[in-house]
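> Can you look at this prediction? I've put the sequence above it.
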Amino acid sequence: MIFVGIEVIGRVPSVLHTPLMSGANAIHGVVIIGAIIVMGKAEHDNYLALILGFLAVILGTLNVVGGFVVTDRMLEMFRSKSKPKK
């Protein structure tokens, strides 16, 4: 699947990377909410569910933040550069 993912992403034009990253951010936002709900419903002595939920929240948050950073950098490429005043 890694090789398939690399091939698919490698063939996407750079203009479409920003919308794809925004979609990935939305999906991982849902993952974070789901993990929080699972952790809230888990029994206090169910350490496996709590640990997996905590990891899902941390990794999902890292992915969302990283996605926003990449999206911001991609959008920066398309902004017009202002000429310095003499």
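Looks like it came in fine. Numbers count the residues shown, from 1 in each chain.
> How far off centre is the helix or strand of the chain at the bottom of the mean pLDDT ranking?
The weakest-scoring helix or strand in the chain, judged by mean pLDDT, DSSP states H and E, is helix 2-10 (a mean of 77). Centroid separation between helix 2-10 and its chain, computed with Cα atoms, centre = their mean, to the nearest Å, is 17 Å.
> Buried residues in it, which are they?
For helix 2-10, the neighbour count (16 or more other Cβ atoms under 10 Å) marks no residue as buried. Backbone N, C-alpha and C define where each C-beta goes, glycine included.
> Dump that helix to CSV, keeping only the CA atoms.
Taking C-alpha atoms only, helix 2-10 is exported to CSV below (Å, rounded to 0.1, in the frame of the first residue of the first chain):
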residue,chain,number,x,y,z
ILE,A,2,2.9,2.3,0.6
PHE,A,3,4.1,2.0,-3.0
VAL,A,4,0.5,2.4,-4.3
GLY,A,5,0.1,5.6,-2.2
ILE,A,6,3.4,7.0,-3.5
GLU,A,7,2.4,6.3,-7.1
VAL,A,8,-1.0,7.9,-6.6
ILE,A,9,0.3,11.0,-4.8
GLY,A,10,3.2,11.3,-7.2
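> need the helices for the chain, in chain order.
2-10, 14-41, 47-78 (DSSP state H).
> Quick one: mean pLDDT for the second one?
Translated: helix 14-41. Averaging pLDDT along helix 14-41 gives 79.
> Need the contact partners of the least confident helix or strand of the chain.
Residues outside helix 2-10 that contact it (Cβ atoms under 8 Å, 6 or more residues apart in numbering): none are found.
> need the contact list for Gly53.
35-36, 38-39, 42.
> 6 Å - rerun?
Going by Cβ atoms under 6 Å, 6 or more residues apart in numbering, Gly53 touches 35, 38-39.
> May I see those arranged in TSV, with neighbour count and distance to Glu76 as well?
What follows is the contacts of Gly53, written out as TSV (neighbours: other Cβ atoms under 10 Å; distance: Cβ to Cβ, whole Å):
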residue	neighbour count	distance to Glu76
Ala35	20	31
Val38	15	36
Met39	17	36
